[in-house]
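**Q** Next input, structure requested:
(one chain, ligands or ions: 3)
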Amino acid sequence: MDAKAEALAAAAAVDEARLWSRQMAMAEIGATEKGGVNRAALSDEDRRARRLMVEWAGDLGFEVATDGIANLYIRLPGRQADAAPVVTGSHLDSQPRGGRFDGAYGVVGGFEALEAIARAGVETERPIDLVAWTNEEGGRFQPGAMGSAVFAGVLSLEDQLGLVDLQGVTLEDALAETLASTPGLEQRPFGHPFAAYVEAHIEQGPRLENAGTTIGAVTGIQGLYWYTVEVRGEEAHAGTTPLKARKDALKAAAHMVHALGGLMADETDTTRFTVGRFECHPGSPATVPSRVLFTIDFRHPDPAVIARIKPNIEPVCKVNAQGCAVSIRPTIDNAPLQFDPAVIDMVEGYAARLGHSVMRMPSGAGHDAGHINHLCPTGMIFVPCERGVSHNEAENATPADLAAGARTLAACLVDLANQE
Ligand code: HGY
Ligand code: MN
Ligand code: MN
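**A** Ligands and ions are numbered 1, 2, ... in the order given. Have a look, this model is predicted:
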C-alpha cells in the first residue's frame, strides 16, 4: 500500500459505535443531572478519567507516559522508535458544569484514531502519540491551557505550583495526587520534539451546523487575553458610614466592568468580552465590600484592534477605581495565530477524499494547539456541535460527525507519521 492508501485504510477502520460508546463511558465520569460533566482539572473526576484512558491503553498494549504537569501520553509505536512522534490530543478537564465533548472528544476521538490505525494493520515510520493536556479550561486553576503552555515553555511549572483553588487546595497538592493516581509511568521531559500536531475538537459555535458541513479545517485561533483584576477598598459599617466616606470595592469594580464594556463596544460584534468570575469580600450584607476580584476574557482576531484595546484595559480600570486600589494581573496573552498551511490543506484534502463536506474556518475558542503551534506544524479538525452550544451542560454532537472527525484525523496522523 502507498502512504495515501494506508491513510485511507486507517480512516476506514474507525468504528463509529466504539467511539460513541467510549465517549459515553467518559461522559459518566463527573456526569451532571442535566447531561453535562463537571470534571475540574486535577480533581478526583479528572483522575478517574485519566485512569480510564490508561486502562483502555493497557487493553490495546499501548505504552503510557506522563510528565511533570501530568500531561498523559499514549503511544502507538512506529518503525523508528526514536523518531519524534506525530501527536494528537486535547483535554479531559471540563468547565464547571460543562459539556461532554469539549476536550474529551479530542482525547477519546484521538484514541479511536490510534486504535483504527492499529486495527488496520498500518505501521507508520514515526510513533503516533495521543496526549491529554492538563487543565485546558482554567476553571479551577488559572490560566487555562496550562499543561500545553508548560510543555511549550510559555509558563514555568514552578510558577504554577503555588496557585490555590477556591477551596484553598494548592495546584502542587492536586498535581501530586494526580501523578500518584497513575503510578509507574515513564516520565517525559517538557518540550520533547513533536514532528506535527493535529487536534480534533467540537466547533463550539454554529458555523458548521448552519452550513450543513461536517468538517472544519481550522485555519487559526483568534487572540485570547485573560486578566485578573483585584480591587481593594475598605470595610465599613453599612448603616453608619456616609457614602462619601466609603471605599466600596464592589461599586468601583462595577464601574470598571461598565467602562470596559464601552472600551470593547464593537458594531461588528467581533470583539469578545466576558467577566466570568466576580468575587466580593467579605460578602456580608451589612459590610461595605473591601475586596473584589474579577476576571476579564478578551478575544479578537485582528492584531490592530488588539493593539488599540489592550493598552487601555488597565487605564480604564484605574480611572474608575473611585478611591480604591486596583491591580491587574495578565494570566493569558495569546496573540492571534495561523496554523500550518500544509496541515490545513491535509485536513481539507482527507476530509474531502473520505466523502465529508469540509470548509476552512478560524477558531473562536482557545485550544492547546495554540501553544503547540509554536513548536511544530500544527492544525485542528472541527466537527459540528448542536446549535453551537458549548461551555454548557446541553452541549451535544452526533456519533456520525464525531466518527467523521476521527476518520479525517486517523488519515492525517498516518500521512504525517510517514513523512520525514
Ligand atoms: O475558553 C476557551 O476558549 C476554551 O474552550 N477553553
Ligand atoms: Mn476545549
Ligand atoms: Mn472549553
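**Q** drop to CA atoms for contacts and neighbour counts, all remaining ones
**A** Will do.
**Q** can you tell me which residues contact residue 102?
**A** 91, 94, 201-202, 204, 390-391 (Cα atoms under 8 Å, 6 or more residues apart in numbering).
**Q** can you check residue 357 too?
**A** Applying Cα under 8 Å, 6+ apart, the residues near residue 357 are 213-215, 351.
**Q** same deal with residue 45?
**A** 29-30, 38-39.
**Q** pLDDT on stretch 114-126, on average?
**A** In this model, stretch 114-126 has a mean pLDDT of 98.
**Q** tell me how far the ends of that stretch are from each other?
**A** With Cα to Cα, to the nearest Å as the measure, the first residue of stretch 114-126 is 13 Å from its last.
**Q** what do you get for stretch 241-248?
**A** Note: stretch 241-248 ends 11 Å apart using Cα to Cα.
**Q** Now do it: distance to the chain's middle.
**A** Distance, stretch centre to chain centre, for stretch 241-248: 43 Å (Cα atoms, centre = their mean, to the nearest Å).
**Q** for that stretch, which positions count as buried?
**A** The neighbour-count check on stretch 241-248 (16 or more other Cα atoms under 10 Å) flags 246-248 as buried.
**Q** neighbouring contacts of that stretch?
**A** 233-236, 288-290, 322-324.
**Q** Now residue 123. Its backbone dihedrals?
**A** phi -110, psi 120 (degrees, to the nearest 10).
**Q** Pretty sure it sits against residue 79.
**A** Yes: look at residue 123 against residue 79 with Cα atoms under 8 Å: they come within range, at 6.9 Å.
**Q** picking that back up, turn the contacts of stretch 241-248 into TSV, columns for neighbour count, secondary structure and pLDDT.
**A** Below are the contacts of stretch 241-248 laid out as TSV (neighbours: other Cα atoms under 10 Å; DSSP: H, G, I helix; E, B strand; the rest coil; pLDDT from 0 to 100):
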residue	neighbour count	secondary structure	pLDDT
233	24	coil	98
234	17	coil	98
235	19	coil	98
236	18	coil	98
288	25	coil	98
289	26	coil	98
290	21	coil	98
322	19	coil	97
323	16	coil	97
324	22	coil	98
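**Q** so which pair among those residues is furthest apart in space?
**A** 236 and 322 (15.5 Å; Cα to Cα).
**Q** Contacts only, for the closest residue in space to residue 152 that isn't next to it in sequence.
**A** The shortest distance from residue 152 to any non-neighbouring residue, by Cα to Cα, 6 or more residues apart in numbering, is to residue 191 (5.5 Å). Neighbouring residues of residue 191 by Cα under 8 Å, 6+ apart: 151-153.
**Q** Residue 287 now?
**A** 235-238.
**Q** What is the nearest of those to ligand 1?
**A** Relative to ligand 1, the closest of the contacts of residue 287 is residue 235; by Cα to the nearest ligand atom it sits at 33.9 Å.
**Q** would you list every one of the helices in the stretch 101-250 of the chain?
**A** 104-119, 146-152, 157-161, 171-181, 207-211, 249-263 (DSSP state H, counting those that start in this stretch).
**Q** mind listing what's buried in the longest one?
**A** Across helix 104-119, burial judged by 16+ other Cα under 10 Å covers 104-118.
**Q** Same list, the contacts of residue 191, but as JSON lines with distance to ligand 2 and neighbour count please.
**A** Converted to JSON lines, the contacts of residue 191 look like this (distance: Cα to the ion, whole Å; neighbours: other Cα atoms under 10 Å):
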{"residue": "151", "distance to ligand 2": "17", "neighbour count": "23"}
{"residue": "152", "distance to ligand 2": "18", "neighbour count": "19"}
{"residue": "153", "distance to ligand 2": "20", "neighbour count": "14"}
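**Q** show me which of these neighbour ligand 1.
**A** When contact is defined as Cα under 6 Å from any ligand atom, the contacts of residue 191 do not meet ligand 1 at all.
**Q** would you list the residues you listed in CSV and tack on pLDDT and distance to residue 257?
**A** As requested, the contacts of residue 191 are arranged in CSV below (pLDDT from 0 to 100; distance: Cα to Cα, whole Å):
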residue, pLDDT, distance to residue 257
151, 99, 34
152, 98, 33
153, 98, 32
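**Q** Now do the longest helix that the chain contains against helix 104-119, angle only.
**A** Identified as the longest helix of the chain according to DSSP state H is helix 399-417. Put simply, helix 399-417 runs at 60 degrees to helix 104-119, going by axes from the mean of the first three to the mean of the last three Cα atoms, to 10 degrees.
**Q** Kindly report the residues of the stretch 1-150 of the chain close to ligand 1.
**A** 136-137.
**Q** Please list the residues of the stretch 1-150 of the chain that sit near ligand 2.
**A** Residues of the stretch 1-150 of the chain found near ligand 2 (Cα under 5 Å from the ion) are 102-103.
**Q** Please give me every residue in contact with residue 33.
**A** Contacts of residue 33 by Cα under 8 Å, 6+ apart: none found.
**Q** Could you look up the SS state of it?
**A** coil (DSSP: H, G, I helix; E, B strand; the rest coil).
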